[in-house]
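A.B. asks: pasting the sequence and the predicted coordinates here, then a few questions.
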Amino acid sequence: MATRPLTDFMPQVMPHCSTAPRPLVEQYLRLAAIEWCERTRCWRQIVEAPIGANNEAIVCPDYATVHEIETAFFNKTVDLTPTQFSAFDTEDFNTDNNVGTPAYITQMNDNSVSIIPFQEGTLSLTLFLKPRSGTEYGTNPLDPLQDKMNVVPEHIFVQSAENIAEGALARLLALPAEDAPWSNPKMAMYFAGRFEAACDRKFATHIKGQQRARRRTKTHQF
């Protein structure tokens with residue numbers, strides 16, 4: 001999947017807070033991107049992944065995490081019910097004792113899923129993803145200050161760069177003036193209003209798709 005670094009959003013942010021440090025701007029861009037993905041469900045991914053003896057299938061890139069599971073099937077025929085990890089006991093994940101036809105799917109780690117009961121096979125999933133927390137510097141020799149986690153898919157940048165920039169500005173401009181010389185509460189409220197309106201407007205669009213298909217499935221949030 002092609003991605004874009006969050007630094008590509010900065011030209012739409014910096015004119016309004018030119019003295020804000022880059023790491024802080026990227027932090028608030030990521031927070032805005034996370035909220036945008038949560039509220040609009042714009043980052044959808046279809047995955048087929050094997051699940052083996054460790055009962056953990058990697059289903060998204062390391063810079064993302066699962067927000068919702070829209071559909072989940074085991075070996076393309078068994079419909080799995082997404083369930084909170086906290087609903088199970090530790091013993092439920094013991095693959096030596098708890099073996100059978102899978103009925104539930106849950107998430108133990110940011111970019112993977114597990115099934116209960118356990119059985120080796122293939123998972124077919126439709127997921128809604130979002131950027132994940134954490135930092136990892138030094139992976140780009142041309143830009144050592146680039147955080148590997150500060151990326152979003154290309155299509156989100158192309159379609160929603162202005163909206164995410166407005167979400168970041170709503171946070172940046174609302175910071176206390178004693179800590180942020182660029183603080184501007186009035187403009188923060190303005191950008192917050194625009195971001196809210198865009199989230200509400202885009203939710204139905206991203207669920208139905210540009211082809212305006214009727215929504216048919218329920219989603220399950222983690």
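C.D. replies: Sure thing, it's come through.
A.B. asks: which residues does stretch 20-39 contact?
C.D. replies: 6-7, 9-10, 13-14, 17, 42-43, 67, 128-131, 145, 147, 149-150, 152, 156, 160, 163-168, 170-172, 180, 182, 195, 199, 203 (CB atoms under 8 Å, 6 or more residues apart in numbering). Placement of C-beta: from N, CA and C, glycine included.
A.B. asks: show me these that map onto strands.
C.D. replies: 67, 128-131, 152 (DSSP state E).
A.B. asks: possible to save those as JSON lines with neighbour count, pLDDT and distance to Ala87?
C.D. replies: Listed next are the ones in strands among the contacts of stretch 20-39 as JSON lines, based on neighbours: other CB atoms under 10 Å; pLDDT from 0 to 100; distance: CB to CB, whole Å:
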{"residue": "His67", "neighbour count": "22", "pLDDT": "92", "distance to Ala87": "18"}
{"residue": "Phe128", "neighbour count": "23", "pLDDT": "95", "distance to Ala87": "20"}
{"residue": "Leu129", "neighbour count": "25", "pLDDT": "95", "distance to Ala87": "22"}
{"residue": "Lys130", "neighbour count": "22", "pLDDT": "96", "distance to Ala87": "22"}
{"residue": "Pro131", "neighbour count": "26", "pLDDT": "95", "distance to Ala87": "26"}
{"residue": "Val152", "neighbour count": "29", "pLDDT": "96", "distance to Ala87": "31"}
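A.B. asks: dump those to JSON lines, plus distance to Asn55.
C.D. replies: Below are those laid out as JSON lines (distance: CB to CB, whole Å):
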{"residue": "His67", "distance to Asn55": "22"}
{"residue": "Phe128", "distance to Asn55": "23"}
{"residue": "Leu129", "distance to Asn55": "21"}
{"residue": "Lys130", "distance to Asn55": "24"}
{"residue": "Pro131", "distance to Asn55": "26"}
{"residue": "Val152", "distance to Asn55": "30"}
